[in-house]
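> pasting a predicted model and its sequence here:
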Amino acid sequence: MGKETRVIYWFRTDLRLHDSPALKAALDLQPTAFWPVWTWDPHYVYRARVGVNRWQFLIDSLNDVSTSITKLNKKSKLFLLREAPQTLYPKLFKAWKVTHLVFEKDTDAYARDRDAAVIKAAKEAGVEVIVKSGRTLWDSDELVKKNGGNATMTITQVQTAGPKVGPVPRPIPAPKSIPDPGELELHFEQEQPTSKPDFNSGPRRHDDKSYENISGPNGDFAVPSLEELGMQPATTKHRGGESLALKALSKIIADKKYTATFEKPKTAPTDFEPQATTLLSPHLHFGSLSIREFYWQVQDTIASYKGKSSEPPVSLLGQLYFRDMYFGAQAAGGWYYAQTINNPHCRFIPFSLPAKIDPDTKLITGEFQSTDSQAEEWFVRWKYGLTGFPWIDALMRQLRLEGWIHHLGRHAVACFLTRGGCFIHWERGAEVFEEWLIDHEVASNVGNWQWLSCTAFYSMYYRMYSPIAFGQKWDPEGKFVRNFVPELKDLDRKYIYEPWKAPKSDLKKAGVSFLTTDQILDQVNRFKEGLSNPTAEDSKQYPRPIFDFPERRAFCLDAMKKAYHINLYGNDPKVLDGSWKEL
Ligand code: FAD
């Protein structure tokens, strides 16, 4: 008998069997033992902000890939191991006599550090590591190299540098068979659970031993349910998994005209049943859909389309280039990419930074310890959809309930929180998106928040969205608002975006009254405790607007103009004496 090839395939950003260059590389080794593995990384479980809807999407995706593996080999499935990969793998390499570890490349800052530790452990154990790119159209590090070693800050740079890396590879078919796993004993496993994990009691640390044993409570390496994790049921209607992703893609591609002529700015942010764009982002995030599969199906549709097709940046391919652009910027920036401080691409803009609470100590942290209680109140009211601007509130409630909002909706709420209203720091907004989005991707979330706040990528700060006219343009009847802010569902269309302007008779007819400040805070607390948005039956009370928008617009324009001048000219005396406005 020749030398055994005992391979762990580590699923991470690639919860699929179709078009997976890393999975193909693993199977090409012709393993004599093959373990498809998912590690329940405590960083994700305890440290990252992950709301219940993203948990559900992840669990769906894990279950689906596991079922697909079992369909190819009854003895196999996705083996879920509950320990940090950095400490788990050194033990696993020995126990399972592993010869190879294979995974898809991940360029997120935390992932790079984690993978470096695992690769080091593999080297020490004599295990060969194979890493393949497959998460983006082009390997993000290669893209940066071909962009002169610089972060990709425009899609033109992506369109120029990408082809220099090479053509986007054609998708690889899903495997037709999966080898048997080897033995599954965990000889090193001594820690038995002392108590059921309490995921609601706040983040834990890597060395916390109180969670279930490594192969799960029944020792069968099963994917947990939300219930087992002690979580509330998800509220989103959007579900995960490769099977659903491929079905959704087929449906989109079947509509040739939609696919070939897609123009992002012409898609309505107020469409919600169904939405106007593809809603494939959460699948791309979890890798239940391959970006290259998506790219080539769109490309082939365009090639066979008889009419005039759309072009980047507004076309579907343009959207995928934006994704690669943010991944390239992150690959170049590392840990600094996700913050303003020490990030050479970010302009400093003196946004208010409401206090940040350390999840472990519950103490206020950060360089800026806010004493700005107004910013604090505005931030919380923005987060929970109680700003008194129905368009903004409807979007934030859709986000909390469903975990996804249209790109232009994200524009509206991000601009409103930062340079177009509240003048609050983009990092606080990005944290809320991190918690609630089902498609949360560090690269895209951070990059887009920098864009919208005019901190990086984009600089036309004087183009500001109105929290009234923007939604009204797309949906004059206010169907979207009526659905997500049911307190206002019977209000006349004339006032649906500005209820504070409604005459008493209209308010009375619609049964709407305004909340007092105390009642608003009660409402915030109610939202904090549970996930439910109010129903029209609960109450028809709604807040007055947090501020006068034209006043804030003038304030923000002035502050942005000043910040830009300081960024350009430093503390030029003209900036300081006030004559900077004429510069
Ligand atoms: P489509 O319009 O159908 O586009 C197809 C795909 O292209 C998307 O699935 C997505 O993967 C990619 N894409 C499209 N637009 C962008 C973009 N501007 N940046 C990056 N990728 C893009 N997208 C995320 O995937 N994760 C995030 O965490 C995220 N946070 C955002 C935060 C803000 C403040 C803003 C303004 C945008 C954010 N986006 C994020 C980008 C974009 O809004 C979503 O990708 C898009 O709305 C997803 O819906 P879709 O799949 O229907 O997109």
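In hand now; what should we look at?

> next one: Arg16 from Ile155, what distance?
26 Å (CB to CB, to the nearest Å). From N, CA and C alone the C-beta is placed, and that goes for glycine too.

> Ser310 now?
Taken as CB to CB, the span from Ser310 to Ile155 is 14 Å.

> ditto for Val102
32 Å.

> who has more neighbours out of those two?
Ranked by neighbour count (other CB atoms under 10 Å), Val102 and Ile155 place Val102 first, with 23 against 19.

> export stretch 180-187 as PDB, just CAs?
The C-alpha coordinates for stretch 180-187 follow below in PDB (Å, rounded to 0.1, in the frame of the first residue of the first chain):
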ATOM      1  CA  ASP A 180     -14.700   8.500   2.600                       C
ATOM      2  CA  PRO A 181     -13.700  10.300   5.800                       C
ATOM      3  CA  GLY A 182     -11.000   8.800   8.000                       C
ATOM      4  CA  GLU A 183     -11.600   7.900  11.600                       C
ATOM      5  CA  LEU A 184     -13.200  10.600  13.700                       C
ATOM      6  CA  GLU A 185     -11.800  10.000  17.100                       C
ATOM      7  CA  LEU A 186     -10.700  13.100  19.000                       C
ATOM      8  CA  HIS A 187      -8.200  11.500  21.400                       C
END
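
> buried residues, that stretch. List them.
Neighbour counts over stretch 180-187 (16 or more other CB atoms under 10 Å) mark 181-182, 186 as buried.

> stretch 552-568 too?
Applying 16+ other CB under 10 Å to stretch 552-568 flags 552-553, 556, 559-566 as buried.

> can you map out the strands along the stretch 351-500 of the chain?
For the stretch 351-500 of the chain, the strands defined by DSSP state E, counting those that start in this stretch occupy 356-357, 364-365.

> just to revisit the earlier point, out of the buried residues of stretch 552-568, which are inside helices?
When the buried residues of stretch 552-568 are checked against helices (DSSP state H), the matches are 552-553, 556, 559-566.

> around the ligand, which positions in the stretch 251-400 of the chain sit nearby?
Proximity of the stretch 251-400 of the chain to the ligand is confined to 264, 277-281, 284-285, 319-320, 322-323, 326 under the rule CB under 6 Å from any ligand atom.

> lowest mean pLDDT across the strands of the stretch 351-500 of the chain, which one is that?
For the strands of the stretch 351-500 of the chain, the stretch scoring lowest in mean pLDDT is strand 364-365; its value is a mean of 48.

> what domains does the record give for this protein?
As given by the TED database, the domain ranges for the chain are 1-134, 242-333, 355-549.

> and Pro169, which of those is closest to it?
domain 242-333 (6.0 Å; CB to CB).

> what's the first-to-last distance across that closest one?
Across domain 242-333, the straight-line distance between its terminal residues is 31 Å, by CA to CA, to the nearest Å.

> stretch 126-144 too?
31 Å.

> how about it: buried residues?
Buried residues in stretch 126-144, defined by neighbour count with 16+ other CB under 10 Å: 127, 129, 132-144.

> Val102 looks like it's in a strand, true?
Yes: applying DSSP: H, G, I helix; E, B strand; the rest coil, one finds Val102 inside a strand.

> residue contacts, it?
Under the criterion of CB atoms under 8 Å, 6 or more residues apart in numbering, the neighbours of Val102 are 7-10, 22-23, 25-26, 29, 129-132.

> quick one on the thing from earlier: so which of the residues of the stretch 251-400 of the chain next to the ligand is the most crowded?
Using other CB under 10 Å as the neighbour test, those are led by Tyr326, with 27 neighbours.

> identify the farthest-apart pair in the buried residues of stretch 126-144.
Greatest spatial distance among these (CB to CB): Val127 and Leu137, at 30.0 Å.

> returning to what we had before: in helices, which of the contacts of Val102 appear?
Using DSSP H, the members of those that fall in helices are 22-23, 25-26.

> nearest to Trp449 among the residues you listed?
Ala22 (29.8 Å).

> and for Val442, the neighbour number?
Summarising burial for Val442: neighbours were counted as other CB under 10 Å, giving 20.

> correct me if wrong: it contacts Ala338.
Yes: judged on CB atoms under 8 Å, Val442 makes contact with Ala338 at a distance of 6.2 Å.

> and for these two, which residues touch both?
Both Val442 and Ala338 are contacted by 109, 330, under the criterion CB under 8 Å, 6+ apart.

> now do whichever helix or strand Leu568 is part of: distance to the chain's middle.
Using DSSP states H and E, the secondary-structure element containing Leu568 is helix 549-569. Relative to the chain's own centre, helix 549-569 is displaced by 29 Å; criterion: CA atoms, centre = their mean, to the nearest Å.

> same for it, what does it pack against?
Using 3 or more CB pairs under 8 Å, 6 or more residues apart in numbering; DSSP states H and E, the elements in contact with helix 549-569 are helix 573-577.

> quick one: mean pLDDT over the helix it packs on.
Mean pLDDT, computed over helix 573-577, is 56.

> cool, and stretch 81-90?
Across stretch 81-90, the per-residue pLDDT values average to 92.

> cool, stretch 7-14 as well?
Mean pLDDT, stretch 7-14: 98.

> chain center to that stretch: distance?
Taking CA atoms, centre = their mean, one finds stretch 7-14 lying 21 Å from the centre of the chain it belongs to.
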